[in-house]
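Asks: What follows is a predicted structure for the sequence shown.
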Amino acid sequence: MVSVAFGSLNLVDTCLTDSPQEAAAYLRAGALVAFPTETVYGLGADAFDAEAVAAIFNAKGRPADNPLIVHIAHHDQLMLLAEGLPPNARTLIDHFFPGPITVIVKKKHGVPAVVTAGLNTVGVRMPGHPVAQAFLAACGCPVAAPSANLSGHPSPTTWRAVYDDLGGRIDCLLKGGRSVAGLESTVVDCTEAAPVLLRAGVITVEQLRAVLPALRIRAADTHDAVRSPGMRHRHYAPQGRVCLITAPREAEARSDTAYIGLSPPATAQRFGLAMHCATVEAYAHELFDFFRRCDAANLSVIYCQRTPTAGLGLALMDRLHRAAEG
Ligand code: TXA
Ligand code: MG
């Protein structure tokens, strides 16, 4: 591995590979490895190697007070991370693991503080993506991983997007196809009697309430805000200004503007980029990649059509609001 000193970061040759085993060998040697999941790509390190985990924050430029999700391959790894499993956590695990959900539980003492940003809880997720599963199984340890983007950028849904953000800053990139969902996992806090949705995601509130009717949605009050530190930070934002609209006719069609939404715009060819998605699922799948294409084309305004907040629409609108605030 060639390394070149560059500020506080060593620039490295990033190994691109299709082999989960080769990528896992890097991780086991203490290196950072980006890998595909069904939601977005993650940037992983051995969760019990505090130095490697600290390097994730450095590579991404991530604030140290934003905890990481720990990814597992097998149910028996839960016991390395969680100090017992309350019934709500057990229910979510039984219904949705492996899949696009993160369950917050009390952490075991041995989980390094750098992983959880000093919290006494840990987020655990078992991805359903076959390449992620092969990689995590070959690692043989729980893998701490945030989304594999520079902090503040949209989450990456292709290996190209990971490479654009983190090439030269990470040791290995395990290539997979495009992420099927395109939005991040649902985060549910199970540390108190009533489960709380901290981040809307691919598993919908309707799906969660079917098994946990008492689920509350995180309120913007201080107590819940403290429980979800990540939500305080700016997120998901492209360089161009994101403008939320209800109907395509509100968008100003110009060569330096873009439009994405469920309704087709009458003047699609007059935008720098325009995309009409047939379903909310397709919209979610496209959104972050669309933002990156808008940035590559230097577009100054990105008009995004609002959607109803049923089903996946809740997570999609959450990301659109955050991008618009950015
Ligand atoms: O789909 C996903 O969740 C992707 C893939 C790679 O698994 N990961 C991801 O990680 O989106 P990240 O770091 O970008 O977002 C993790 C979110 C943040 O909002 C963070 O604050 C929250 O989960 N989180 C992690 N651990 C937590 C904890 N112990 N308590 C509360 N929130 C936590
Ligand atoms: Mg992220």
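Replies: On my side now, so go ahead. Source: prediction; values computed, not measured. Numbers count the residues shown, from 1 in each chain. Ligands and ions are numbered 1, 2, ... in the order given.
Asks: Sketch out the low-pLDDT regions of the stretch 101-250 of the chain for me.
Replies: Filtered on pLDDT under 70, the stretch 101-250 of the chain yields the residue ranges 220-235.
Asks: For it, just list every one of the helices.
Replies: For the stretch 101-250 of the chain, applying DSSP state H, counting those that start in this stretch gives helices covering 113-116, 130-139, 159-166, 205-211, 222-227.
Asks: for residue 211, what are its contacts?
Replies: Residue 211 sits next to 91-92, 95 when contact means C-beta atoms under 8 Å, 6 or more residues apart in numbering. (Glycine included, C-beta is placed from N, CA and C.)
Asks: Closest to residue 22 out of those?
Replies: residue 92 (32.9 Å; C-beta to C-beta).
Asks: I'd like the contacts of residue 211 written out as a markdown table, with neighbour count, pLDDT and distance to residue 307 added.
Replies: Formatted as a markdown table, the contacts of residue 211 follow (neighbours: other C-beta atoms under 10 Å; pLDDT from 0 to 100; distance: C-beta to C-beta, whole Å):
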| residue | neighbour count | pLDDT | distance to residue 307 |
| --- | --- | --- | --- |
| 91 | 17 | 98 | 29 |
| 92 | 25 | 98 | 25 |
| 95 | 15 | 98 | 26 |
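Asks: which among these gets closest to ligand 1?
Replies: residue 92 (14.1 Å; C-beta to the nearest ligand atom).
Asks: Is it correct that the closest one is in contact with residue 103?
Replies: Yes. With contact defined as C-beta atoms under 8 Å, residue 92 counts as touching residue 103 (5.2 Å).
Asks: what residues are shared contacts of the two?
Replies: Joint contacts of residue 92 and residue 103 (C-beta under 8 Å, 6+ apart) are 188, 190.
Asks: mind listing what the nearest residue to residue 278 once chain neighbours are set aside touches?
Replies: Using C-beta to C-beta, 6 or more residues apart in numbering and skipping residues adjacent in sequence, the residue nearest residue 278 is residue 262, 7.8 Å away. Applying C-beta under 8 Å, 6+ apart to residue 262 gives the contacts 276-280, 283, 305, 307.
Asks: from these, which ones fall inside strands?
Replies: The strands in this structure, assigned by DSSP state E, contain 276, 305 from the contacts of residue 262.
Asks: near ligand 1, which residues of the stretch 51-200 of the chain?
Replies: For the stretch 51-200 of the chain, the residues in contact with ligand 1 (C-beta under 6 Å from any ligand atom) are 66-69, 102, 104, 116, 119, 121-123, 125, 145-147, 184-185, 187, 198-199.
Asks: can you tell me which helix in the protein is longest?
Replies: In the chain, assigned by DSSP state H, the helix with the most residues is helix 280-296.
Asks: Now tabulate the helices of the stretch 101-250 of the chain in CSV and tack on distance to residue 270.
Replies: Shown next, in CSV, are the helices of the stretch 101-250 of the chain (distance: least, C-beta to C-beta, whole Å):
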stretch, distance to residue 270
helix 113-116, 48
helix 130-139, 40
helix 159-166, 27
helix 205-211, 37
helix 222-227, 42
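Asks: Could you point out which of these sits nearest residue 300?
Replies: Among the helices of the stretch 101-250 of the chain, if distance is taken as C-beta to C-beta, the winner is helix 159-166, at 19.8 Å.
Asks: dump the residue contacts of the closest residue to residue 179 other than its chain neighbours.
Replies: Leaving aside its sequence neighbours, residue 179 sits nearest to residue 157 (C-beta to C-beta, 6+ apart; 4.2 Å). For residue 157, the contacting residues are 40-41, 178-179, 182, 285, 288-289, by C-beta under 8 Å, 6+ apart.
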